[in-house]
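A.B. asks: Below are the sequence and a predicted model; questions follow.
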Amino acid sequence: QVQLVESGGGLVQAGGSLRLSCAASGSTVSSYAMGWFRQAPGKEREFVAAITWSGDSTYYADSVKGRFTISRDNDKNTVYLQMNSLRPEDTAVYYCAVHKALNIYYSSSYYYWGQGTQVTVSS
């Protein structure tokens, strides 16, 4: 059983930056791809970014490409999401998850979700 805890969210002005962390415990996630998703009020959960187990490959939603960077430290069992040039439309609860199988862009391909961390970007 894996427990994921996200942290680093908060309130930031448009154009600002935040760094989210996702710490895993209970079992190592170093052999799994990991992903970040977000869900805004009244909207479906959407893919943000993902990273392979080795960190060699990363994937991004078009809406965050060039602004967000996903990375991982397998020694620390932690995945990060560096968010720069934040926009009000980035406001959402951000979740990390362990990739299970199949399409890395679909939330149904993930299991072991964290509880989420709120990111609010003011204009």
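C.D. replies: Here it is on my side, so go on.
A.B. asks: what about stretch 18-31, how long is it end to end?
C.D. replies: 26 Å (C-alpha to C-alpha, to the nearest Å).
A.B. asks: For that stretch, give the mean pLDDT please.
C.D. replies: For stretch 18-31, mean pLDDT is 93.
A.B. asks: can you check stretch 85-94 too?
C.D. replies: Confidence over stretch 85-94 (mean pLDDT, whole number) is 98.
A.B. asks: where do the strands sit along this protein?
C.D. replies: Assigned by DSSP state E, the strands in the chain fall at 3-7, 10-13, 18-25, 34-39, 46-51, 58-60, 68-73, 78-83, 92-99, 110-113, 117-122.
A.B. asks: Include mean neighbour count when you put these into a markdown table, please.
C.D. replies: From N, CA and C alone the C-beta is placed, and that goes for glycine too. Shown next, in a markdown table, are these (neighbours: other C-beta atoms under 10 Å):
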| stretch | mean neighbour count |
| --- | --- |
| strand 3-7 | 17 |
| strand 10-13 | 13 |
| strand 18-25 | 19 |
| strand 34-39 | 24 |
| strand 46-51 | 22 |
| strand 58-60 | 16 |
| strand 68-73 | 18 |
| strand 78-83 | 23 |
| strand 92-99 | 23 |
| strand 110-113 | 18 |
| strand 117-122 | 17 |
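A.B. asks: weakest of those strands in terms of mean pLDDT?
C.D. replies: Lowest mean pLDDT within the strands of the chain: strand 110-113, at a mean of 94.
A.B. asks: And that one, what does it pack against?
C.D. replies: Helices and strands touching strand 110-113, by 3 or more C-beta pairs under 8 Å, 6 or more residues apart in numbering; DSSP states H and E, are strand 3-7, strand 92-99.
A.B. asks: can those go into CSV with extra columns for distance to Leu86?
C.D. replies: Conversion of those to CSV gives the following (distance: least, C-beta to C-beta, whole Å):
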stretch, distance to Leu86
strand 3-7, 16
strand 92-99, 11
